[in-house]
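Engineer: no sequence on hand, only this structure:
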């Protein structure tokens, strides 16, 4: 499939499976291809590496990382993903006001935020 013809791809990393599953359903309804919903940061990084290294698989366009509840520092996870995969964008999921985290998130290469509330 030509690059222009494929759906945008993403990985959702949240420690709450119900949150990931609900978000995946909504995003798929809006034209995204959700490649996975890992609950651990290391699994997320590995999944992104797998898809981006395999020519038979679509690359990951976007990773959505939960800020609170992951098993490791989400900002370090973002930095690592962006360092290893410069074309993959990273956005943060948060139930808290985004302004609390925006400076740190931008410093490690995040693209934006998706609030879990409202």
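Structural biologist: Okay, I see it. Values in this document were obtained by computation on a predicted structure and should not be read as measured data.

Engineer: and residue 117, what pLDDT?
Structural biologist: According to the prediction, residue 117 has pLDDT 69.

Engineer: any stretches of the chain with poor pLDDT?
Structural biologist: Low-confidence segments of the chain, defined by pLDDT under 70: 1-4, 98, 117-118.

Engineer: let's see 80
Structural biologist: Residue ranges of the chain with pLDDT under 80: 1-5, 69, 96-99, 116-118.

Engineer: that one: strands as residue ranges?
Structural biologist: Assigned strands in the chain, in chain order: 9-13, 33-36, 62-66, 89-94, 112-115 (criterion: DSSP state E).

Engineer: number of residues surrounding residue 112?
Structural biologist: Around residue 112 there are 14 other residues, counting by other Cβ atoms under 10 Å. All C-beta atoms are positioned from the backbone trio N, CA, C, and that covers glycine.

Engineer: can you check residue 25 too?
Structural biologist: For residue 25, the count of nearby residues is 10 (other Cβ under 10 Å).

Engineer: then residue 83?
Structural biologist: 10.

Engineer: how about the nearest residue to it, chain neighbours excluded?
Structural biologist: Spatial nearest neighbour of residue 83, chain neighbours left out: residue 109 (7.9 Å); criterion: Cβ to Cβ, 6 or more residues apart in numbering.

Engineer: mind listing what the one you found touches?
Structural biologist: 78, 79, 82, 83, 90 (Cβ atoms under 8 Å, 6 or more residues apart in numbering).

Engineer: one more: residue 47?
Structural biologist: Residue 47 sits next to 11, 35, 36, 38, 60 when contact means Cβ under 8 Å, 6+ apart.

Engineer: spit out the contact partners of the most centrally placed residue in the chain.
Structural biologist: For the chain, the residue nearest the mean C-alpha position is residue 63 (1.6 Å; Cα atoms, centre = their mean). By Cβ under 8 Å, 6+ apart, residue 63 lies in contact with 10, 11, 12, 13, 44, 48, 78, 81, 88, 89, 90, 91.
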